[in-house]
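In: sequence plus predicted model, see below.
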Amino acid sequence: MPELRKDPIISRWVIISTERGKRPSSFSPPAKKTHDDFCPLCPGNEDKTPPEVFAHRPAGSLPNTPGWSLRVVPNKFPALRIEGELDRRGEGIYDMMNGVGAHEVIIECPDHAATLASVSQEHFEKVLLSYRDRMNELYRDRRFKYMAIFRNQGEVAGASLAHPHSQIIALPIVPRRVMEELEGSKAYFSYKERCVFCDIIRQEKEQAKRVVNENREFIALTPFASRFPFEVWILPKHHSSAFEDIPLSYFASLAELFSDTLKRLFLCLNDPPYNFMLHTSPVGEKLNDHYHWHFEIIPRLTRIAGFEWGSGFYINPTAPEDAAQTLRETPTVPAAE
């Protein structure tokens with residue numbers, strides 16, 4: 001029988017349609033483009049992007065030239081523009097402001113055909129550190145309240161270029177989805193004097209039904225009220241409210257678990273399109289006892305249709321317990337012959 005499950009953080013209900021019981025083989029990944037006709041993110045095309053604002057390159061290497069291993073540039077077609085003032089204003093009952101923000105592209109590596117599931121753990125760590133470094137730099141601009149870091153893998157997930165890249169958008173407001181988590185976790189803390197995310201991690205470790213993998217500092221799990229099949233969250237095991245403030249020594253551990261999780265999804269689901277996004281505390285609430293930063297990985301295996309748009313419910317055809325078991329049993333290294 002299908003189950004209705006309630007998310008303990010924001011009180012959202014989802015339908016786990018166990019009767020549909022979709023396994024990995026039930027999902028057919030879309031055809032992929034092997035190479036763009038022209039890729040402005042590839043080495044040698046540095047003049048086709050805006051000038052870089054950050055890069056890993058050999059000492060003595062000139063900016064905006066080949067030789068880099070990671071590069072950050074402003075988005076050529078930004079969602080928000082960094083110039084100008086917010087000019088908050090009203091028009092009757094409607095509120096508005098100028099579209100001020102920053103929109104950057106993190107070009108993760110020079111290899112056009114690579115993915116974050118295929119790069120080395122050391123390089124993955126470099127990508128994660130670039131997120132932190134750009135967040136800290138952009139937060140120096142007092143107009144910005146929140147940094148949205150996300151990655152679109154594959155055309156179905158919204159990637160317009162195949163070259164491996166992530167994006168960061170500096171926002172003058174806190175996104176509604178993050179506000180829901182902040183408000184829900186604050187309400188939980190005011191009632192129980194505990195962090196809801198810490199309680200989730202504690203229970204998931206005890207039950208072990210939805211844990212995909214873990215190491216000393218981090219855990220990967222399929223949420224109890226997963227919205228999507230094979231949805232995975234990565235969280236620090238110890239309470240931490242702001243991603244950009246975690247100790248430098250933790251990044252290698254995060255890269256290890258994140259890389260392992262993406263490899264399992266890649267192998268289990270045949271290189272699926274996916275989105276991942278970072279949820280973290282806004283700049284004004286970076287240190288708190290109720291919120292817990294985390295990454296959410298959403299494989300794009302199903303479509304949102306009229307019922308979901310109209311009701312706010314999600315229908316998930318794969319129980320998170322089944323997804324976690326399948327991912328746990330997926331080997332990430334070839335078996336010895």
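Out: Structure's in. What do you need?
In: give me the beta-bridge partners of the residue at minimal distance from the centre of the chain?
Out: Nearest to the geometric centre of the chain sits residue 277, at 2.1 Å (C-alpha atoms, centre = their mean). In this structure, residue 277 bridges to residue 150, residue 296 when assessed by DSSP bridges.
In: need the per-residue pLDDT for it.
Out: With respect to pLDDT, residue 277 has a value of 98.
In: settle this for me: it is touching residue 294, isn't it.
Out: No - counting by C-beta atoms under 8 Å, residue 277 stays clear of residue 294, with 9.7 Å between them. Backbone N, C-alpha and C define where each C-beta goes, glycine included.
In: quick one: buried residues of stretch 146-164?
Out: Residues 146-157, 159, 161-164 are the ones in stretch 146-164 that count as buried (16 or more other C-beta atoms under 10 Å).
In: who touches stretch 257-273?
Out: Outside stretch 257-273, the residues that touch it by C-beta atoms under 8 Å, 6 or more residues apart in numbering are 24, 27, 29-30, 32, 115-117, 119, 121, 124, 128, 153-157, 159, 212-215, 218-220, 230, 232, 234, 274, 295, 297, 299-301, 326-327, 330-332.
In: rerun at 7 Å
Out: If you take C-beta atoms under 7 Å, 6 or more residues apart in numbering as the criterion, stretch 257-273 is touched by 24, 27, 29-30, 116-117, 121, 124, 153-154, 156-157, 212-213, 215, 218, 220, 230, 232, 234, 274, 297, 299-301, 326-327, 330, 332.
In: tell me how far residue 148 lies from residue 54.
Out: 17 Å (C-beta to C-beta, to the nearest Å).
In: tell me which element residue 307 falls in.
Out: Using DSSP states H and E, residue 307 maps to helix 306-311.
In: contacts for that helix, please.
Out: By C-beta under 7 Å, 6+ apart, the residues outside helix 306-311 that reach it are 313-315.
In: for the residues you listed, which single residue is the most surrounded?
Out: Using other C-beta atoms under 10 Å as the neighbour criterion, residue 314 leads those with 20 neighbours.
In: what sits against the closest residue to that one other than its chain neighbours?
Out: Closest residue to residue 314 apart from its sequence neighbours, by C-beta to C-beta, 6 or more residues apart in numbering: residue 227 at 3.9 Å. By C-beta under 7 Å, 6+ apart, the contact list for residue 227 reads 14, 314, 316.
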